[in-house]
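**Student:** need the 3D shape of this:
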Amino acid sequence: MPLMKGVWRAAEVHIGVIKTALPNMDREAKDQYLLVIQAKDMVGQNGGLSGTTSVTVTLTDVNDNPPRFPRRSYQYNVPESLPVASVVARLKAVDADVGPNAEMEYKIVDGDGLGVFKVLVDKETQEGIIMIQKELDYEAKTSYTLRIEAANKQIDPRFLSLGPFSDMTTVKIIVEDVDEPPVFTSHLYSMIVSEAAKVGTIIGTVAAHDPDASNSPVR
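**Tutor:** Got it, this is the predicted structure:
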């Protein structure tokens, strides 16, 4: 406003400070707040003018949610003919956090399938991928049990009191029998016979067996 002719006073800027009023805000419950801020001149007295502005407050994520498997156990059936490196199953632990705070690692911690199966993580979906790393044989073993752990990669020490940032589940894999062809006891036989041998002369024998559990007769 003017003080005298040709002289102007710069407008004063008053700062309004926005502070939190709620303890323990939870991004997973509400991640944004819309505020309408009003400013009044004349220290808010009657006859003063006012203006408003909108402020959007967005909560950023912290790693305060441990991963949890939706189920305590899973079961999958796979044929014994499934090739090595094939995917047996995909499972996922649920983590309400986002971004790096939701990144997980999976590992097999126990069970009789160690060395037969391995688990990797899909970095895009954060799923655990169970794969075969050794040929299956129904006649040798019909099922495997795995104990699989999912754990957050980045743990915030401030929230360790919320419990372990990992979870376990049991995976049972049932191996299904596949009808297999007979197998000879040797890949190569060597036999000698005289050129003067008569028709019907026995030259030698070969042997084959059915590897299936039914052990069907071979002809």
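
**Student:** so which strand or helix has residue 175?
**Tutor:** Residue 175 is part of strand 166-176 when elements are defined by DSSP states H and E.

**Student:** show me what that strand is packed against.
**Tutor:** strand 73-79, strand 87-91, strand 143-152 (3 or more Cβ pairs under 8 Å, 6 or more residues apart in numbering; DSSP states H and E). Just so you know, the C-beta spots here come from the backbone N, C-alpha and C atoms, and that holds for glycine as well.

**Student:** buried residues in the second one?
**Tutor:** Looking back up the chat, that one is strand 87-91. Using 16 or more other Cβ atoms under 10 Å as the burial criterion, the residues of strand 87-91 that qualify are 88, 89, 91.

**Student:** between those residues, which is nearest residue 26?
**Tutor:** residue 91 (26.9 Å; Cβ to Cβ).

**Student:** now residue 217: closest residue in space, sequence neighbours ignored.
**Tutor:** Distances taken as Cβ to Cβ, 6 or more residues apart in numbering place residue 210 nearest to residue 217, at 7.6 Å, with adjacent residues excluded.

**Student:** I'd like the distance between the residue sitting nearest the centre point of the chain and residue 85.
**Tutor:** With distances taken as Cα atoms, centre = their mean, residue 127 lies nearest the centre of the chain, 2.0 Å away. Distance check for residue 127 against residue 85: by Cβ to Cβ, to the nearest Å, it reads 17 Å.
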